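# Model the structure of this input:
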Amino acid sequence: MAVTSEIKSFRIDVPQTVLEDLARRLEMTRWPRDFANDDWRYGANVDYLRVLVDHWRNAYDWRAREAMMNRFPHFRTLIDAKPIHFLHVRGKGPAPMPLILSHGWPWSFWDFRRMIGPLTDPASHGGDPADAFDVVIPSLPGYGFSTPLEQPGINWERTADLWTLLMARLGYERFAAQGGDWGSFIAAQLGHKYADRVIGVHVHTPSPLDYMAGGKFDRDDFSPEELPLRRKMAAFGAEETGYMALQRTKPQTPAIALNDSPAGLLAWIVEKRRTWSDCGGDIERRFTRDELIDTAMLYWVTESFSTSARYYYEAAHHPWQPAHDRMPVVEAPVAVAVMPGEIVHAPRRWAERYYNLQRWTVIPRGGHFAAAEEPELLVADLRSFFATLR
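Presented below is the predicted three-dimensional model:
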């Protein structure tokens, strides 16, 4: 399908030849030796990946999953010569609030699927119709069906600019924003640069917008009760950021391998899903096998790993440029959902200074993939926050 500046309906329909090629590659996987790695200390555990690949080959049904995805209204458009795919689901209520949800890496638009019904049709999910949202869920540029991306320089800061153009094209001059991982950066940037257009910002990965240029939390901002979280982040930085070092410096090198090997791509993604979620080491507590493979499939069938990995390079090599030097940095009203299994834990003292902080909620469960892990808890917090801004 040709992508134009018009907004056109889109239907996922992966060519059968792509699926047949995938089946051959999975069958021919050449597995490495693995030992002393039951706890995944060296990375993805090969025994578990063998089980998952066997499921992919013999039980997973892409056509059924594709049909599930196609139950939602998909669209594509061209914005500043960049293809953008998104879901747009209208709310059922007296005055639905426009809300754009932004994912991260290695996520996709599909991570938000269980939030769509409760957000757009709260009355059918035990809520108040007055809390309805018009939901827009784009795939980030270079991710999934927002491909092929063939322009350099596109990072989360530029993505925020694209989202304002997308929402205006959809007829929304003012809107709300939510996100995690890169989506938290995008939502915060919207609240920083476009505060006059943003009703409010909800994030669960709160971070300084200059993080990729060395921005960090001040040690003195952590209360005594928060110091264990600071130590947790330090341990993450020491042991869990190899992927970032590679993707922010030489993303095309792993892309050659992971665009060729579906098992390799699955390992790269699943290891992060296990480490970054609130699963306690048992990944299937949080994600079914089909859900894990869905994520890999959305990168595989679109050949988008390379441009998704370059998102890190572009963030590191095009540092954030503030739109103003006022405090708070994010002037739109902000809510922070504190997930116990998140990989980033901002001190509240910093958040109160950096954001126009209106809500701080400690969520009892959930990790970095909050929308997929705890959709009901996240929806409840979103409803409560934005109810004060209607």
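# Which parts of the stretch 1-150 of the chain are strands?
With strands called from DSSP state E, counting those that start in this stretch, the stretch 1-150 of the chain shows them at 8-10, 74-79, 82-89, 97-102, 133-138.
# Distance to residue 203, mean neighbour count and mean pLDDT added to those strands, as JSON lines?
No exception for glycine: its C-beta is placed from N, CA and C like everyone else's. JSON lines is the format used below for the strands of the stretch 1-150 of the chain (distance: least, C-beta to C-beta, whole Å; neighbours: other C-beta atoms under 10 Å; pLDDT from 0 to 100):
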{"stretch": "strand 8-10", "distance to residue 203": "28", "mean neighbour count": "14", "mean pLDDT": "98"}
{"stretch": "strand 74-79", "distance to residue 203": "23", "mean neighbour count": "19", "mean pLDDT": "98"}
{"stretch": "strand 82-89", "distance to residue 203": "20", "mean neighbour count": "22", "mean pLDDT": "98"}
{"stretch": "strand 97-102", "distance to residue 203": "10", "mean neighbour count": "26", "mean pLDDT": "98"}
{"stretch": "strand 133-138", "distance to residue 203": "16", "mean neighbour count": "26", "mean pLDDT": "98"}
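# what helix or strand is residue 352 on?
Take DSSP states H and E as the rule and residue 352 turns out to sit in helix 348-354.
# Enumerate the positions of that helix that are buried.
By neighbour count with 16 or more other C-beta atoms under 10 Å, helix 348-354 contains the buried residues 348, 350, 351, 354.
# With distance to residue 329 added, can I get the strands of the stretch 1-150 of the chain in TSV?
Listed next are those as TSV, based on distance: least, C-beta to C-beta, whole Å:
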stretch	distance to residue 329
strand 8-10	36
strand 74-79	26
strand 82-89	26
strand 97-102	18
strand 133-138	24
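# could I get the worst-scoring helix or strand of the chain on mean pLDDT in CSV with only the CA atoms?
Every helix and strand in the chain was compared by mean pLDDT, DSSP states H and E; the lowest is helix 227-239, with a mean of 93. Presented in CSV, the C-alpha positions along helix 227-239 are these (Å, rounded to 0.1, in the frame of the first residue of the first chain):
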residue,chain,number,x,y,z
LEU,A,227,17.8,5.0,48.3
PRO,A,228,17.1,1.3,47.6
LEU,A,229,15.6,2.4,44.3
ARG,A,230,18.7,4.4,43.5
ARG,A,231,20.9,1.3,44.2
LYS,A,232,18.5,-0.7,42.0
MET,A,233,19.0,1.7,39.1
ALA,A,234,22.8,1.7,39.6
ALA,A,235,22.8,-2.1,39.3
PHE,A,236,20.7,-1.9,36.2
GLY,A,237,23.2,0.5,34.7
ALA,A,238,26.1,-1.8,35.5
GLU,A,239,24.6,-5.1,34.3
